[in-house]
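# For reference, the sequence and a predicted model appear below.
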Amino acid sequence: MAKSNWTLDVLQLISKTGGMIDLIPYMVSMEIYEDIHSTFLNAQIDILETESIIEMLPMVGNEFVFGSIRIHGIHSASTRYVFFYMDVYKIENEKSSKHKSTTFRMQLVSQAFQENANSRTRKYYVGTQDLIAGQICSAQLKRPIMRTDKCLLEEEYIFPNWHPVACINALAKNSTSIKYFDTDYVFYEDLEGFHYLSMSYMIDPAYEVKPSKGNR
């Protein structure tokens, strides 16, 4: 399915207890929300079905969506692939029509959201903020930080039983970029993964989005 400069190749609803449904034949629209001031990736899919997906794959609270997207560049060599896994956290706006079809909206959230909710950080760290953020992200959110603006100062931290994201956001408030001397850092997720960057890094003309290596 093509739209603008990207092609959706795969969109599957998968149960952690077994079973899979291809959502592309039923999809009316899909929106993915990326925000540098919101830590986790969110999405919504509007579904039109003439069969009952809920009966085909009972929704018991353990479902997730896998997607594969091709993002097209000007030349074929610049085409890149991104893959995402997102948990289903809400089904809403279910409506039935006279033609025996049902429409509903599937709300999705990054799988790292649940990792954050289930984890706490009680540990002593020493190092630059970007290195500590990377350690916390890999160990507790189960994903690496894809892009980092290296920090200037090495410091000591002890976190008092905080969730991982609260720890990383606290680190961001104390970060200073080696290259830009910028103290305005953000930690956020997009389709490529997590990023720990200064605002100066992101507005630098030399900043370039590199192809995903499909690590997620």
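All right, it came through fine.
# biggest strand in this structure by residues?
Scanning the chain for the longest strand, with DSSP state E as the assignment, gives strand 80-96.
# distance between stretch 36-46 and the chain's centre?
Taking C-alpha atoms, centre = their mean, to the nearest Å, one finds stretch 36-46 lying 7 Å from the centre of the chain it belongs to.
# for the protein, what spans make up the strands?
Listed from the start of the chain, the chain has strands (DSSP E) covering 2-3, 6-15, 20-22, 27-33, 42-49, 63-71, 80-96, 102-110, 124-128, 145-148, 154-158, 185-190, 193-198.
# Next, format these as TSV and append mean neighbour count and mean pLDDT.
C-beta: built from backbone N, CA, C; applies to glycine. Formatted as TSV, the entries for the strands of the chain read as follows, by neighbours: other C-beta atoms under 10 Å; pLDDT from 0 to 100:
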stretch	mean neighbour count	mean pLDDT
strand 2-3	9	42
strand 6-15	16	92
strand 20-22	14	90
strand 27-33	14	92
strand 42-49	18	90
strand 63-71	18	92
strand 80-96	15	84
strand 102-110	19	90
strand 124-128	14	97
strand 145-148	20	96
strand 154-158	12	96
strand 185-190	21	97
strand 193-198	23	97
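# could I get those strands as CSV with distance to Ala206?
What follows is the strands of the chain, written out as CSV (distance: least, C-beta to C-beta, whole Å):
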stretch, distance to Ala206
strand 2-3, 30
strand 6-15, 25
strand 20-22, 41
strand 27-33, 27
strand 42-49, 30
strand 63-71, 21
strand 80-96, 19
strand 102-110, 28
strand 124-128, 22
strand 145-148, 13
strand 154-158, 26
strand 185-190, 18
strand 193-198, 13
